[in-house]
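> compute the structure for the input listed below.
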Amino acid sequence: MKPAFRHAAVACTFAFALIAAWRVAGELIAERYAESEPERALRWRPNDPRARLVLAERQLAEGRLDRAKANAVFVLQREPLQGTAFRILAEVAEREGRRPEAFEIYRIAERRAPRDLRVRAWLTQRYLEQGQYGQALIRIDRILRMSPLRARTINPLLVKLAQDPRFADALAEYLYGNPPWRRSVLAALRDPKAGNQAAAGRIMEALQARGALSDEEYARWLDSLLLQGRWGEAYARWAGLAPKAGGRLPIVFNGDFEKEPSNAGFDWRLRRVPGVLLEFEPAPGSRGKAAYFRFLGRRVPRAGFEQPLMLSPGPYRLDLRMRAQSLRSGLGLQWQVACAGSGGIIARSEPVEGTFGWRHAVVAFEVPNAGCPGQFLRLVNPVPVGTGQQVVGEYWVDDITIYPQK
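A predicted model of the protein is given here:
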């Protein structure tokens, strides 16, 4: 090859390499600045779709609707499935007062960009305005699945919307499918301060009627009613489903421990207390079992054993059968009946301590006319906080009953 041709080939190769390097540099610069400085990125790569979309978003925020629309259309001419571009066109249509058209474009954007939360939020609002609650809940479900932390802001909205019985029914229908956010929204509905008790009751009833209310949800529902002081309603809801021997409910439910305590409603509540072991074992002379406590010598303010009661004003008698083995504490254990309101403690048994065989304990008491909408029957340690609260020994109790007195 002649030197002239060789020099020309080298020059061409160098020129092509320089052009390629220039293009690569432009690509890198456009990639780097597409999000932060889209105009700068577009000077290097005018057709960059990401920079065009970022620029369109800014123009939309600034109210430059024509420029935002032009950039979105430009992107769609090259990438027809770009969902963000459809959402920008939908927002432009809405701001220009073309809501029906905006609605249709948003629906396209939802299909093209299923993870765009702004699209979901707009469609949710639109379906709520139209009363299409099922469609709105589909979008809410997807938002909460994509971004669970948004439950903090969405749950209060659901609580408010559930004031409408139609929305409450639609929400119950959706919760029947057990979405992952079911627990949090039920808790929000039951909240004593910010909840919606009427809607909570309606939704819980609907789930219960379909056999879709778990034992935990049922127990929490009843507990929320008790916390609100709605003892009558809580008792009525619980009593409707509680098993009734002979067709009637005793004042103390399951006082012979024939059934395993459910920790719900007006059944026995068993709380874990360090230093107290509780079991249920056969008891002589009883058709059920005895509650057997073993105290390990630790501080025990309460035995973790109680039952809510629904007693009308008037005189009563508490009767129970018990025995103990080497049971020692500062002042002995004590059975108490305490009002849920301002009535305080209305019944105290004699101290329970020492070693003795099966015997009966009887306590007469009276429920006042005021300040006592509900009560708790409890086994407690009456000693104030301190080392005197230590309890050691064994204790059995059975056949716990309360009778009204004339």
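> endpoint to endpoint, stretch 165-183 covers what distance?
End-to-end span of stretch 165-183 (CA to CA, to the nearest Å): 20 Å.
> what residues of it count as buried?
167-176, 179, 181-183 (16 or more other CB atoms under 10 Å). C-beta: built from backbone N, CA, C; applies to glycine.
> phi, psi of the closest residue to residue 370 other than its chain neighbours?
Excluding the flanking residues, the one nearest residue 370 by CB to CB, 6 or more residues apart in numbering is residue 343, at 7.4 Å. With angles defined as degrees, to the nearest 10, residue 343 sits at phi -70, psi -10.
> am I right that residue 343 is in contact with residue 369?
No. Using CB atoms under 8 Å, residue 343 is not in contact with residue 369; the gap is 9.4 Å.
> on that earlier part again, who's in contact with the residue nearest to residue 370?
By CB atoms under 8 Å, 6 or more residues apart in numbering, the residues touching residue 343 are 367-368, 370-372.
> kindly state the beta-bridge partners for residue 361.
Here residue 361 sits in beta bridges with residue 320, as judged by DSSP bridges.
> how about the contacts made by it?
318-322, 335, 349-350, 352.
> show me just the buried residues among the residues you listed.
By 16+ other CB under 10 Å, the contacts of residue 361 give 318-322, 335, 349, 352 as buried.
> how many other residues sit next to residue 357?
Using other CB atoms under 10 Å, residue 357 is surrounded by 8 other residues.
> for it, which non-adjacent residue is closest in space?
Closest to residue 357 by CB to CB, 6+ apart is residue 323, at 5.3 Å.
> may I ask you to confirm that the one you found is in contact with residue 352?
No. Assessed by CB under 8 Å, residue 323 is found out of contact with residue 352, at 10.0 Å.
> which residues do those two both contact?
Between them, residue 323 and residue 352 share the contacting residues residue 395, judged by CB under 8 Å, 6+ apart.
> in the chain, which spans are helices?
Using DSSP state H, the helices assigned to the chain run over residues 3-33, 38-44, 49-61, 65-78, 83-95, 99-112, 117-129, 133-146, 151-161, 165-175, 182-190, 197-209, 215-227, 231-239.
> now for these, which one comes closest to residue 269?
Nearest to residue 269 among the helices of the chain is helix 215-227; the distance by CB to CB comes to 9.4 Å.
> chain center to that closest one, what's the gap?
13 Å (CA atoms, centre = their mean, to the nearest Å).
> got the buried residues for that helix?
217-226.
> show me what it packs onto, helices and strands only.
On a contact count with 3 or more CB pairs under 8 Å, 6 or more residues apart in numbering; DSSP states H and E, helix 215-227 meets helix 182-190, helix 197-209, helix 231-239.
> looking at the first one now, give me its mean pLDDT.
Over the span of helix 182-190, the pLDDT mean works out to 93.
> helices or strands next to it in the packing?
Counting contacts by 3+ CB pairs under 8 Å, 6+ apart, helix 182-190 is packed against helix 151-161, helix 165-175, helix 197-209, helix 215-227.
> wait, what's in contact with the residue lying closest to residue 271 once chain neighbours are set aside?
Leaving aside its chain neighbours, residue 271 sits nearest to residue 304 (3.5 Å; criterion: CB to CB, 6+ apart). If you count contacts by CB under 8 Å, 6+ apart, residue 304 has them with 270-273, 276, 278.
> where does the protein dip in pLDDT?
The chain contains residues with pLDDT under 70 at 1-47, 386-388.
> domain boundaries for it, per the record?
For the chain, automatic domain parsing gives the domain ranges 3-239, 269-404.
> dump the ones you listed into JSON lines; add distance to residue 256 as well.
Output for the domains of the chain, formatted as JSON lines (distance: least, CB to CB, whole Å):
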{"stretch": "domain 3-239", "distance to residue 256": "19"}
{"stretch": "domain 269-404", "distance to residue 256": "3"}
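> out of the helices of the chain, nearest to residue 282?
helix 215-227 (25.7 Å).
> dump the C-alpha coordinates for the closest one into PDB.
Output in PDB follows, covering the C-alpha atoms of helix 215-227 (Å, rounded to 0.1, in the frame of the first residue of the first chain):
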ATOM      1  CA  ASP A 215     -61.100 -16.700  66.600                       C
ATOM      2  CA  GLU A 216     -58.500 -13.900  67.200                       C
ATOM      3  CA  GLU A 217     -60.500 -11.400  65.200                       C
ATOM      4  CA  TYR A 218     -63.700 -12.300  67.100                       C
ATOM      5  CA  ALA A 219     -61.900 -12.000  70.500                       C
ATOM      6  CA  ARG A 220     -60.400  -8.600  69.500                       C
ATOM      7  CA  TRP A 221     -63.800  -7.400  68.400                       C
ATOM      8  CA  LEU A 222     -65.400  -8.200  71.700                       C
ATOM      9  CA  ASP A 223     -62.400  -6.700  73.600                       C
ATOM     10  CA  SER A 224     -62.800  -3.500  71.700                       C
ATOM     11  CA  LEU A 225     -66.400  -3.200  72.700                       C
ATOM     12  CA  LEU A 226     -65.500  -3.800  76.400                       C
ATOM     13  CA  LEU A 227     -62.800  -1.100  76.100                       C
END
